[in-house]
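1. A structural model of the following input is requested.
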Amino acid sequence: MVWVDRDSIVKVCMIAGKIMLMSGAETHRVEDTMNRMAHAFGVESAQSHATPTGINFSAGMTEVNNFVRILKRPTDLHKIAEVNSISRKIIAGELSPEKAYRKLLKIEAAPPVYTVWLQIIIAALVSGCFVIMFQGTWTDFLPACIAGGLGFAVMAGMDRLLEIRYLAEFFGAFVIGISSYLLIHYGFALELDKVIIGAVMPLVPGLHITNAIRDMVAGHLLSGISKGVEATLTAFSIGAGVSLLFAFV
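-> Numbers count the residues shown, from 1 in each chain. Model (predicted):
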């Protein structure tokens, strides 16, 4: 069935791609989802192009091009799963463009499933677990939890204050280094390297690295390279923050 109102179809595809890209999805997955949704609504020659900072979409090669700018890309896999669920329902013919658009607006406006405080608690526990995984001792488990939780909290706070992710990660890593050193200095922990390594793991850009590789493999060279550079800058910020500690001690 071919839908006459192409504007509604374009709005559905654009907001779906926007939510996915802002939530950390790979660019080739964003394009594939948008094209599948458009095809399910009867648009045979939909054209989509996604980069980490923007989405272009057209209902045809000679149709008007639509563009949306992506400014922030926090990780929210739950929203990606929600959009994928709506996409499957559209392909199955269970949703009209109007109903799909309303559902997508609710997903876009929904707050994160995990609050900042819950993320801090999870980051703290993950930090301690990584110490054990890297063959550290149980004595360093709690200190790593403290350092990792403090570092993640500072990173989250500075990210809201500065709106520059790299500086936020730099300060978060610096706090991890300082707190780890103090915990070692006052005898609460044993191995400085294990505590620092475990505590910085929640800051490591694992998803960006994975998405960069997946985009490169899928032939999206521009997106793959840009995400790889972003992951490299993030890793450099974390390393610089920890290294700054050793410049003073």
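2. Buried ones in stretch 49-69, by neighbour count?
-> Using 16 or more other Cβ atoms under 10 Å as the test for burial, stretch 49-69 gives 49-52, 55-59, 66. (Glycine included, C-beta is placed from N, CA and C.)
3. quick one: which of these is nearest to residue 230?
-> Closest approach to residue 230 among the buried residues of stretch 49-69 (Cβ to Cβ): residue 52, at 7.3 Å.
4. Report the central residue of this protein.
-> residue 75 (2.7 Å; Cα atoms, centre = their mean).
5. just to revisit the earlier point, okay if I get the buried residues of stretch 49-69 as CSV plus secondary structure and pLDDT?
-> Converted to CSV, these look like this (DSSP: H, G, I helix; E, B strand; the rest coil; pLDDT from 0 to 100):
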residue, secondary structure, pLDDT
49, strand, 91
50, strand, 91
51, strand, 89
52, coil, 88
55, strand, 94
56, strand, 93
57, strand, 94
58, strand, 92
59, coil, 88
66, strand, 92
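6. out of those, which one sits closest to residue 227?
-> Closest to residue 227, out of all of the buried residues of stretch 49-69 and judged by Cβ to Cβ, is residue 52, at 6.0 Å.
7. Let me know the helix or strand that the residue lying closest to that closest one once chain neighbours are set aside is in.
-> For residue 52, ignoring the flanking residues on the chain, the nearest one in space by Cβ to Cβ, 6 or more residues apart in numbering is residue 226 at 5.3 Å. Taking DSSP states H and E as the criterion, residue 226 maps to helix 221-246.
8. Which neighbouring elements make contact with that helix?
-> Contact analysis of helix 221-246 by 3 or more Cβ pairs under 8 Å, 6 or more residues apart in numbering; DSSP states H and E lists strand 47-51, helix 165-185, helix 192-200, helix 206-217 as its packing neighbours.
9. okay, the ones you listed in JSON lines with distance to residue 9 next?
-> Supplementary listing: those in JSON lines, determined by distance: least, Cβ to Cβ, whole Å:
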{"stretch": "strand 47-51", "distance to residue 9": "12"}
{"stretch": "helix 165-185", "distance to residue 9": "34"}
{"stretch": "helix 192-200", "distance to residue 9": "45"}
{"stretch": "helix 206-217", "distance to residue 9": "26"}
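10. can you list the domains in this protein?
-> 6-109, 116-246 (automatic domain parsing).
11. Also compute the angle for the least confident helix or strand in the chain by mean pLDDT relative to helix 221-246, please.
-> The weakest-scoring helix or strand in the chain, judged by mean pLDDT, DSSP states H and E, is helix 206-217 (a mean of 87). Using axes from the mean of the first three to the mean of the last three Cα atoms, to 10 degrees, one finds that helix 206-217 and helix 221-246 are set 150 degrees apart in direction.
12. I would like the residues contacting helix 206-217, please.
-> By Cβ atoms under 8 Å, 6 or more residues apart in numbering, the surrounding residues in contact with helix 206-217 are 24-28, 75, 221, 223-225, 227-228, 230-231, 234.
13. Now for those: which two are most distant?
-> Comparing all pairs in those by Cβ to Cβ, the longest separation belongs to 75 and 221, at 22.9 Å.
14. give me the low-pLDDT residue ranges for the chain?
-> By pLDDT under 70, the weakly predicted segments of the chain are 1-4, 249.
15. Would you double-check that the residue nearest to the centre of the chain falls in a helix?
-> No. Secondary structure of residue 75 (DSSP: H, G, I helix; E, B strand; the rest coil): coil, not part of a helix.
16. any idea how far it lies from residue 188?
-> The gap separating residue 75 from residue 188 is 31 Å, by Cβ to Cβ, to the nearest Å.
17. With residue 22 instead?
-> 40 Å.
18. of the two, who's got more company?
-> Taking neighbours as other Cβ atoms under 10 Å, residue 22 and residue 188 compare with residue 22 leading, 21 against 14.
19. just checking, the more buried one touches residue 68?
-> No. Shown here, residue 22 and residue 68 do not form a contact pair, counting by Cβ atoms under 8 Å, at 9.8 Å.
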